[in-house]
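Colleague: show me how the following folds:
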Amino acid sequence: MPALTIQKKIKQALLHFGIFFKIAVTKITMSLSIPSRILIADDDADDIELIEQAIHDIDPAAELLKFSNGRLVQQYFEREETGTLPGLVVLDYNMPELTGAEVLLYMKQQHRLHTIPRVVLSTSSSPLNINECLANGADEYIVKPISWPELRNLAQKLVSLSKQERN
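Modeller: The predicted model follows:
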């Protein structure tokens, strides 16, 4: 068999193997992709529904743990195992029973919760509220968006935060 034919067959085999390998790696990577697990607390059910819809547009497999007040969030953390904690906590500032700032303070006092990113999402842009939340452990304080494109951008950011590893 001439050397040129052998080289051609080797190139074809490598090309075929390369395509197969790329497909296999893509499938493995997709199967290892961990869905977002996001805890969201807001006393406005419509706000939760809109955020949930935007997050599911970005990550359809995302799991949202929804709470209507800060006390329920605290009770969740008191009973939840460390291995099943969410990858992100999103809190409204103004909630009944415990405000978002009070939940943050609780989380700050619980060593096992230190690695969870915390975002406050509120209609309030008061510097007092912002400073209180940041002092109590919020990683970010974001004023709630007023348009769908802004909400989708926020959802993308939340999904990304939920998947980041923290020390």
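Colleague: would you map out the domains in this protein?
Modeller: Domain segmentation of the chain under automatic domain parsing yields 1-33, 35-163.
Colleague: any chance of these in JSON lines, with mean pLDDT and mean neighbour count too?
Modeller: Every C-beta, even on glycine, is put in place using the N, C-alpha and C of the backbone. Below are the domains of the chain laid out as JSON lines (pLDDT from 0 to 100; neighbours: other Cβ atoms under 10 Å):
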{"stretch": "domain 1-33", "mean pLDDT": "54", "mean neighbour count": "9"}
{"stretch": "domain 35-163", "mean pLDDT": "94", "mean neighbour count": "17"}
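Colleague: which stretches of this structure form helices?
Modeller: Along the chain, counting by DSSP state H, helices occupy 3-32, 45-58, 70-79, 100-108, 127-135, 148-163.
Colleague: now do the third one: everything it contacts.
Modeller: Helix 70-79 has contacts (Cβ atoms under 8 Å, 6 or more residues apart in numbering) with 39, 41, 65, 67, 85, 89, 91, 95-100, 102-103, 106-107, 110, 113.
Colleague: mind exporting the C-alpha coordinates of that helix to CSV?
Modeller: Output of helix 70-79 as CSV, limited to C-alpha atoms (Å, rounded to 0.1, in the frame of the first residue of the first chain):
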residue,chain,number,x,y,z
GLY,A,70,-37.4,35.9,56.6
ARG,A,71,-38.5,33.7,59.5
LEU,A,72,-39.2,30.8,57.2
VAL,A,73,-35.7,31.2,55.7
GLN,A,74,-34.2,31.0,59.2
GLN,A,75,-36.2,27.9,60.0
TYR,A,76,-35.1,26.3,56.7
PHE,A,77,-31.4,26.9,57.6
GLU,A,78,-31.9,25.5,61.1
ARG,A,79,-33.1,22.1,59.8
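Colleague: just give me how far it sits from the chain centre.
Modeller: 19 Å (Cα atoms, centre = their mean, to the nearest Å).
Colleague: now do the fourth one
Modeller: Here helix 100-108 is found 18 Å from its chain centre; the criterion is Cα atoms, centre = their mean.
Colleague: mind giving me the packing neighbours of it?
Modeller: Counting contacts by 3 or more Cβ pairs under 8 Å, 6 or more residues apart in numbering; DSSP states H and E, helix 100-108 packs against helix 70-79, strand 88-91, strand 118-122, helix 127-135.
Colleague: please redo it, this time with the cut-off set to 6 Å
Modeller: When contacts are defined as 3 or more Cβ pairs under 6 Å, 6 or more residues apart in numbering; DSSP states H and E, helix 100-108 sits against helix 70-79, helix 127-135.
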